[in-house]
Each structure stands twice: as C-alpha cells, then as structure tokens.
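Q: What follows is a predicted structure for the sequence shown.
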Amino acid sequence: MNACRYLLELFSLRGRMRILIVEDEKTLARRIQDVLKNNGYTVDVAFDGASGLEQALMDGYDLVVLDILLPKLNGIRVLQEIRAAGLTLPVLLLTAKNAVEDKVQGLDAGADDYLTKPFAVPELLARIRSLLRRSISGGKQARLQAGDLTLDTVTHEVYRNNQLIDLTAREYAILEFLLYNKNRVVSRLSIAEHVWGDHFDPFSMTNFVDVHIKNLRKKILDVPDHRIIRTVRGIGYRIKDEDK
C-alpha cells in the first residue's frame, strides 16, 4: 500500500469515529451531540432504550454514551443486550449523582466507565478520549477475516489468498467497517457516515458508496462465483465468508 497516500487520506478519516448517544433528555442529548461533533466525531442520538439498542446492534459504533434511566428499556438492560450480542465497544454510563447501586450494577453488566450528572464538558471529552484510546490499542481484533480475505487493523494491510492488495484509505475504511459488521447488513448511509462523517450529500453519496464498493470488489477479486461482499437490494451490503 502506498504509505504516503494512505497517511494523507487516513488523517481525514480517523477523526470521524462514530459515537451513539442514548439519552431521553433531549436538550442534554443535543448538547452532547453538538459538543462531540465540534470535536470531530460523527454522532447519532437515540431518545429511548429500545431504539438505542437497535441502533447499537445494527451500526458499527466506536463508543456508546448511555443513560441509565431510559423509557421503554433501561440503560442497564440495553448494556446487557449489547454485551450478550458479543459487542465489545466501550460504553460510558451517565448516572444520577448519588446512584451508587446503579454505578455498581452498570460496571458489573459490562460498562467501561461512568460519569455522574451534572458533569463538565471537558471531563466528558477526556473520558471519551481515554475509552477510545483503550479500545483502539487493545480492544479491537488485530485481524479480521472473511474466507481467504484478511485485514490487519494494526498494519492496515489487506490480503486475499495471501496476496497483498493495494487499497485507498477510503476503500480500506469501507472494508474494515464491513468486516467489523460481518454477517450483518450495513446500509449505504451507515457506510457513508462512517467513512465521510458529516461531510457528504445524502442524496448523492449512496451512489458514490456503490462506486467505491465496485472498485473494492475489483481489487479483492470479489467475483460472482466466489462472492464475499453481498449486495442486499434496496438496503446496502453484507460481508460473509462465501457465497452460498
């Protein structure tokens, strides 16, 4: 892979880590969203536990900010379901000032950290940075595979049948995102948001995603009789071990 070209594109992509906020206080949720967006993150918001869980399971987030007291499904249950699904992404709990039992229960359920309301914005940002650093350094798989396709998240090298494949940074980011969501359908919009952040036109970007997928398929030799990236018509894409 051309190192100079990759690094130049990589700096424009890595600042756009995806964060999900699950918080029913809409004013607070929007405030957190604005702060995080201003700090370079791509941010989605859910206002109840049920929709928050659905989003967390369907899209490839890098971190979840999760309130405990939520309608429809409380935050502890959401956290338990996230961990039961095998997702290891960091979760930062938002708790009431004196809710010691909630903090203990949340940490026991798999939370990585907690923040007491009301909180200072610099502390929120510091805790998020700490969790993301921890996740990147040791929490994610070093190698992702689908069939004879291998992606190394440390060296950023991609191999197909042990042959090194030269990808652009955006092609790499798309492939990595699909592999992290292996065997799950990923929408075109989710891919666009993950790779391009907020800097895209939703009316044209989905077609642009298709173009990048087409180029990616050519490079990884993803041919119809040995298909790895599957098109889910009208929705997006799913990566799996082989076409069965």
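A: Good, I have the coordinates. Residues are numbered from 1 along each chain as shown.

Q: Please list the outside residues in contact with whichever helix or strand Ile76 is part of.
A: Per DSSP states H and E: Ile76 is located in helix 75-84. Helix 75-84 is contacted from outside by 22, 49, 52-53, 56-57, 64, 66-70, 89, 91, 93-94, 102, 105-106, 109-111, using C-beta atoms under 8 Å, 6 or more residues apart in numbering. Quick note: C-beta positions are derived from backbone N, CA and C, even for glycine.

Q: Pull out the buried members of these.
A: Judged by neighbour count, with 16 or more other C-beta atoms under 10 Å as the criterion, the buried members of the contacts of helix 75-84 are 22, 49, 52-53, 56, 64, 66-70, 89, 91, 93-94, 102, 105-106, 109-111.

Q: so of these, which ones are in strands?
A: Val22, Val64, Leu66, Asp67, Val91, Leu93, Leu94 (DSSP state E).

Q: Contacts only, for the last one.
A: For Leu94, the set of contacting residues under the criterion of C-beta under 8 Å, 6+ apart consists of Glu23, Val65, Leu66, Asp67, Ile68, Gly75, Tyr114, Leu115, Lys117, Phe119.

Q: Which strand residues bridge it?
A: Beta-bridge partners for Leu94, by DSSP bridges, are Asp67, Leu115.

Q: thinking again about what came up before, kindly reformat the contacts of Leu94 as JSON lines containing pLDDT and distance to Leu178.
A: Below are the contacts of Leu94 laid out as JSON lines (pLDDT from 0 to 100; distance: C-beta to C-beta, whole Å):
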{"residue": "Glu23", "pLDDT": "95", "distance to Leu178": "29"}
{"residue": "Val65", "pLDDT": "96", "distance to Leu178": "25"}
{"residue": "Leu66", "pLDDT": "95", "distance to Leu178": "25"}
{"residue": "Asp67", "pLDDT": "93", "distance to Leu178": "30"}
{"residue": "Ile68", "pLDDT": "91", "distance to Leu178": "32"}
{"residue": "Gly75", "pLDDT": "91", "distance to Leu178": "29"}
{"residue": "Tyr114", "pLDDT": "88", "distance to Leu178": "32"}
{"residue": "Leu115", "pLDDT": "88", "distance to Leu178": "32"}
{"residue": "Lys117", "pLDDT": "87", "distance to Leu178": "36"}
{"residue": "Phe119", "pLDDT": "88", "distance to Leu178": "35"}
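
Q: Out of those, flag the one nearest to Asp166.
A: Val65 (37.0 Å; C-beta to C-beta).

Q: can you count the residues close to that closest one?
A: When neighbours are counted by other C-beta atoms under 10 Å, Val65 registers 25.

Q: Return the distance of it relative to Asp48.
A: If you measure Val65 against Asp48 using C-beta to C-beta, to the nearest Å, the figure is 15 Å.

Q: My guess is Leu20 contacts Asp44. True?
A: Yes. Between Leu20 and Asp44 there is a contact under C-beta atoms under 8 Å: 5.2 Å.

Q: who's in contact with the residue nearest in space to the middle of the chain?
A: Nearest to the geometric centre of the chain sits Tyr61, at 2.4 Å (C-alpha atoms, centre = their mean). Each residue near Tyr61 by C-beta under 8 Å, 6+ apart is listed here: Arg18, Ile19, Leu20, Asp44, Gln55, Leu89.
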